[in-house]
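K.L.:
the sequence isn't on hand, but the structure is:
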């Protein structure tokens, strides 16, 4: 039976909004700060762009790490792993039974871990891309 009193997606929209906004906001903050700084006088506009991306990505990644801990994402990971294990066990009976049980589990518990994981990949990708682009001209 589906528990209609508990919405597993409660607050996820706010988390998605702030997860994306934190990187963009920090990028613009660093970009305008770096652009006017006399310390960055010898750097090109492209280098300033990638430095701002790297800084905002690293801080955004740490922010999302805190969100990961605060939202208890590891319990959602355990739910997702149990869901997959149950699907494989039910598949031995019948594929249609496995699909029905999987769909019922998704209705009851939601798909929170994949949403959090996509946001994790977004933050990690932003940080890694910035770092990879910045390293060549920092090391030079």
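P.N.:
Noted; the coordinates are in hand. Since the structure is predicted, the reported quantities are computational estimates derived from the model, not experimental observations.

K.L.:
in stretch 54-72, what counts as buried?
P.N.:
54, 55, 56, 57, 58, 59, 60, 61, 63, 64, 67, 68 (16 or more other C-beta atoms under 10 Å). (C-beta placed from N, C-alpha, C; glycine too.)

K.L.:
what does that stretch contact?
P.N.:
15, 19, 22-24, 26-27, 29-30, 116, 119-120, 123-124, 126-131, 133-134 (C-beta atoms under 8 Å, 6 or more residues apart in numbering).

K.L.:
rewinding a little: so which of the buried residues of stretch 54-72 belong to helices?
P.N.:
If you go by DSSP state H, those have 54, 55, 56, 57, 58, 59, 60, 61, 63, 64, 67, 68 in helices.

K.L.:
ok, the last one to residue 10 distance?
P.N.:
Read it as residue 68. Taking C-beta to C-beta, to the nearest Å as the measure, residue 68 falls 17 Å from residue 10.

K.L.:
which strand or helix spans residue 28?
P.N.:
Using DSSP states H and E, residue 28 falls within helix 12-36.

K.L.:
show me what contacts residue 85?
P.N.:
Here residue 85 is in contact with no residue (C-beta under 8 Å, 6+ apart).

K.L.:
from the centroid of the chain, which residue is nearest?
P.N.:
When C-alpha atoms, centre = their mean is applied to the chain, the residue found nearest the centroid is residue 119 (1.8 Å).
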